[in-house]
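Asks: Show me how the following folds:
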Amino acid sequence: MDRLLSGSDRLDEVLGGGLPVNGINLISGLPGSGKTTLAEQYVFANATEQRPAVYLATMSEPLDKLIRYGQELSFFDRRAIGRRVFLGSLSDGLHQRGLDGALDEITTILRERTPGILVIDSFKAVAAFAPDAQSFRRFASALAERLSATPTNVFWVGEYASEEPDDAPEFAVADAIIALRTDVAGTRQMRTLRVLKLRGSAYLSGDHAYRLSADGVHVFPRLADVPPTTGYDVGLGRVSMGIPEIDRMLDGGLFRSSSTLLAGPSGAGKTVLALHYLGAGAEAGEPVLLASLQENESQIRQTLEAFGIDQSRFEIHYRSPVDLYIDEWVYEVLDTAERIGARRIVIDSINDLEITVGEETRLREYLYSLSQRCSRLGISLLLTFETTELTSFSSVSEGRAVSNLADNVMLLRYTLQGSEIGRALAVLKTRGSGHDLFLRPFTISPQGVFVAAAPSTEDDPPAPRP
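Replies: All right, here's what the predicted structure looks like:
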């Protein structure tokens, strides 16, 4: 099936490769959701002088506004107006002769212009000229019949609320329905796109985040991996944590392409251990990536320099968790990893993603999909998670969003020896491998991380001194 492309690869991915050609496509959403921008994006991406686009306003989008605001978009080409893009209005016909006048004007345009694209914005406004619901239903049906007899890609744009599709006749005759929605959670605003209908074509289900900019509509497909039907080579061997004693605890290191959860309370050493893990990869000649939602690049570089960790192959992707779209963020991370050829990724931390998502089920879906993609790409993934318990492991259940998904789980905690506070770590899980079962005290100093050897008794030994 031939496809109509949007000019956005990721939107076309959501639509199963693009909209089927010569169909009636309805773009719905409340004012300000980006409907007109999306329609114009299709217009300028596809209009030619041989097969021009005709953009018809009704009552809600005066032509001067379309041009004035359209020029703020990077893809809007003023030279195309009157050559391959024609702007018109159905307002006069609607006021003078109602629905019959609009139908006649559209028929004349189809005959004289033979457009490749026809946009009616707003189609919902046309219903105000119908004496009753049945008359508008007959108009929508008659228009659909005339349009189906022409090789034209049609877009009906309208300010439809989420509860209207069951009642509106245009939803019944449309071949594709794209719904744009803006939700507010607290002080956050989230835009999502959903395909409600796409005849004769597969598409990505669910809500997909999008942003509006001068370049148009940027869509970030929901990261939801389906388990592969065939196996794939994840690569053999182990990767070092960057600290020899921890590698011994892990029976030689972590399996390559595995996912690891590093959990512990604030200040216990999660980020420091994660940086040593990335440093070991960089020292082995592997490009590595730190996706930080806490410390900025200057802070991280300072820590790397303090510990003498190799930064030559170190890429840092820092984003503030304020007003963060997890959908946009995860694609930024994956795109960066692809650009540098990353073999190790650290995400610091899951807690910030959890605040951004606000829903445990959705967070689990994203982390599962991310870990699966990394595994298939041969990337070893490590995620940090902050627990609330300081001196015990009872709070490991807080990491329920990922602990059962991770191949390896390492936990940090504080220890109390009289009035002295120490640190300790344990390996709780290594999938497909043996591991040390002891709780190992460790210290962090300017000289590095020092982990105690396995104890010979059940009592915790004193923390090692550098």
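Asks: Show the contacting residues for A454.
Replies: D436, F438, R440 (C-beta atoms under 8 Å, 6 or more residues apart in numbering). To be clear about C-beta, it is placed using only N, CA and C from the backbone, and glycine gets the same treatment.
Asks: Hmm, I typed the wrong one, I wanted A47.
Replies: Taking C-beta under 8 Å, 6+ apart, one finds A53, A80, R84, V85, G116, I117 in contact with A47.
Asks: So the protein: which segments form each domain?
Replies: If you go by automatic domain parsing, the domain ranges for the chain are 3-220, 238-451.
Asks: sorry, back to before: may I see the contacts of A47 organised as CSV, with secondary structure and distance to N46 added?
Replies: Formatted as CSV, these follow (DSSP: H, G, I helix; E, B strand; the rest coil; distance: C-beta to C-beta, whole Å):
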residue, secondary structure, distance to N46
A53, strand, 7
A80, helix, 11
R84, coil, 10
V85, strand, 10
G116, coil, 6
I117, strand, 6
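Asks: By neighbour count, which of the residues you listed wins?
Replies: Of all the contacts of A47, A53 has the most neighbours under the rule other C-beta atoms under 10 Å, reaching 27 neighbours.
Asks: Please tell me I have it right and V119 contacts T152.
Replies: No: in this structure, V119 is not within contact of T152 by C-beta atoms under 8 Å, at 10.5 Å.
Asks: between those two, which one's more packed in?
Replies: Neighbours per residue (other C-beta under 10 Å) separate V119 from T152, with V119 holding more: 27 against 23.
Asks: For that one, give me the backbone phi and psi.
Replies: V119 has phi and psi values of phi -110, psi 130 when expressed as degrees, to the nearest 10.
Asks: A424 too?
Replies: phi -150, psi 150.
Asks: I'd like to know how many residues surround it.
Replies: Other residues close to A424 by other C-beta under 10 Å number 21.
Asks: just the one 4 residues further on next, same as before
Replies: By the other C-beta under 10 Å criterion, the neighbourhood of L428 contains 16 residues.
Asks: Any figure for the gap between the residue nearest to it when sequence neighbours are not counted and E360?
Replies: Counting by C-beta to C-beta, 6 or more residues apart in numbering, V409 is the residue found nearest to L428 once chain neighbours are left out, at 4.5 Å. The spacing between V409 and E360, counted by C-beta to C-beta, to the nearest Å, is 18 Å.
Asks: Please say which of these two ends up with more neighbours.
Replies: V409 (23 against 11).
Asks: State whether the more buried one is indeed within a strand.
Replies: Yes: using DSSP: H, G, I helix; E, B strand; the rest coil, the secondary structure at V409 is a strand.
Asks: Just grab the bridge partners of it for me.
Replies: Bridge pairing for V409 (DSSP bridges) gives the partners L261, K429.
Asks: what's the spacing between it and A144?
Replies: 57 Å.
Asks: same thing with T415?
Replies: According to C-beta to C-beta, T415 and A144 sit 73 Å apart.
Asks: ditto for S445
Replies: From S445 to A144 the distance is 74 Å (C-beta to C-beta).
Asks: how about stretch 376-386: buried residues?
Replies: L377, I379, S380, L381, L382, L383, T384, F385, E386 (16 or more other C-beta atoms under 10 Å).
Asks: before we move on, back to that, between S445 and A144, which has more neighbouring residues?
Replies: A144 (19 against 10).
Asks: Give the other helices and strands that the worst-scoring helix or strand of the chain on mean pLDDT contacts.
Replies: Using mean pLDDT, DSSP states H and E, helix 63-70 stands out as the lowest-scoring helix or strand of the chain, at a mean of 74. Helix 63-70 is packed against helix 35-46, strand 53-57, strand 85-89, with contacts defined by 3 or more C-beta pairs under 8 Å, 6 or more residues apart in numbering; DSSP states H and E.
Asks: now with 7 Å?
Replies: Applying 3 or more C-beta pairs under 7 Å, 6 or more residues apart in numbering; DSSP states H and E, one finds that helix 63-70 contacts strand 53-57, strand 85-89.
Asks: rewinding a little: okay if I get the buried residues of stretch 376-386 as JSON lines plus secondary structure and pLDDT?
Replies: Formatted as JSON lines, the buried residues of stretch 376-386 follow (DSSP: H, G, I helix; E, B strand; the rest coil; pLDDT from 0 to 100):
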{"residue": "L377", "secondary structure": "coil", "pLDDT": "89"}
{"residue": "I379", "secondary structure": "coil", "pLDDT": "94"}
{"residue": "S380", "secondary structure": "strand", "pLDDT": "95"}
{"residue": "L381", "secondary structure": "strand", "pLDDT": "96"}
{"residue": "L382", "secondary structure": "strand", "pLDDT": "96"}
{"residue": "L383", "secondary structure": "strand", "pLDDT": "95"}
{"residue": "T384", "secondary structure": "strand", "pLDDT": "94"}
{"residue": "F385", "secondary structure": "strand", "pLDDT": "92"}
{"residue": "E386", "secondary structure": "strand", "pLDDT": "91"}
